[in-house]
Each structure stands twice: as C-alpha cells, then as structure tokens.
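Asks: fold the following and give me the result.
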Amino acid sequence: MKKLLTVIFSILLATSNLNASEAYSPKKILKTLQLFYADFKGGDELIRKSVGYLIFPDVYKAGLVVGGEYGEGALVQKGAITSYYKMFSTSIGLQAGAQKRSLMILFLTKESLNRFINKEEWKVGVDGNIAIMNWSKGSDLSSIDVKKDTVAIVFNDVGIMANISLEGTVFQRMK
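Replies: Model (predicted):
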C-alpha cells in the first residue's frame, strides 16, 4: 500500500513539475484568477476587500491512509505579484483518493498579511489560522460577511479526495 501511494504521489508531482516555471507564471496566475471570477459572482469584490492574496493554480493531493499535498503559487498585492510560494503537507489518517484543485488564500487585514510575509515558512495552525470556505460554483460572494482575517477558498476541483483540510500545511517563500 505504501508503494502504491508513493507511485501515485510521484506521478502527480512529476506531472506538476514538467515545467515548473509555468506552474506559477503570471499568465497561469491570471488564468486561475479569471476562473475564480467566472465561478463566483462577487469574487472580485471579495478580492478588493483583501490587502493581498495567495493564489495556487494547481495543488495536487493524493492519499491512501498516508497522504501528501503540493502546489506552487504567488502572493499578489495591489494587483501585482510580489513573491512566489510553495505549499506542502503530509498527513496520516482516514483519507483516500487523488485530486487537483486551485486554492486562493485572502488576507483581509494588514496584520494577517504582515504575519504571513514576515515568516520564511508559515504553518497553518501554528503561525496562523485560516477559515476554509467551501462554496459551490456559482455562489455569490458579495454578500458574505467573513469573520476571520484569513480565508481560504478551494475551487476548480478535479478528482476525488475524501478530505478537506489545510491544518499543518506549510507555505514557504521560494527564492
């Protein structure tokens, strides 16, 4: 079983790294942002409320009891990419499947953004808490009152994974 998981996760990572520079290129970031706007009415308004956001066009996750997740993306502030990040996590527990998805993390206060920026490595649950919003495609985000200062939105899911969590995920600035 461990070998099967290793093979599955290796295939996902190899596919994601065929052209790593394209994984988080400005063109790919823009395309993912346009997809977000198309999927969620009022998404542009929610982004305008943020002081910055991370956007990961392709996050790969696979697991069968033991699992892992990996993605590369960018931090956007005032409409410009300011730095690039990778995210990764490992997990053990009740999980099965593989999926590819897009992820956006919005920082709604300067304090939450500064806490993130001032760390070379930022771990969810230790350095910051994120409210994971699970809205269906077509949801209207313009009327939603978010109570947390950092919000994650998962969208563009492909595949099946019986697990939705960012707890323990590490975000690391890329050089």
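
Asks: for the rest of this, base every contact and every neighbour count on C-alpha atoms.
Replies: Will do.

Asks: biggest strand in the chain by residues?
Replies: Of all segments of type strand in the chain, defined using DSSP state E, the longest is strand 80-107.

Asks: tell me the helices and strands packed up against it.
Replies: Contact here means 3 or more C-alpha pairs under 8 Å, 6 or more residues apart in numbering; DSSP states H and E; on that basis strand 80-107 packs against strand 52-77, strand 150-161, strand 170-173.

Asks: quick one: mean pLDDT for the longest one?
Replies: Averaged across strand 52-77, pLDDT comes to 92.

Asks: mind checking how far the spatially closest residue to residue 50 that is not a sequence neighbour is from residue 148?
Replies: Closest residue to residue 50 apart from its sequence neighbours, by C-alpha to C-alpha, 6 or more residues apart in numbering: residue 108 at 4.3 Å. Separation of residue 108 from residue 148 (C-alpha to C-alpha, to the nearest Å): 8 Å.

Asks: buried ones in the longest strand of the chain?
Replies: Using 16 or more other C-alpha atoms under 10 Å as the test for burial, strand 80-107 gives 81, 84-89, 91, 95-107.
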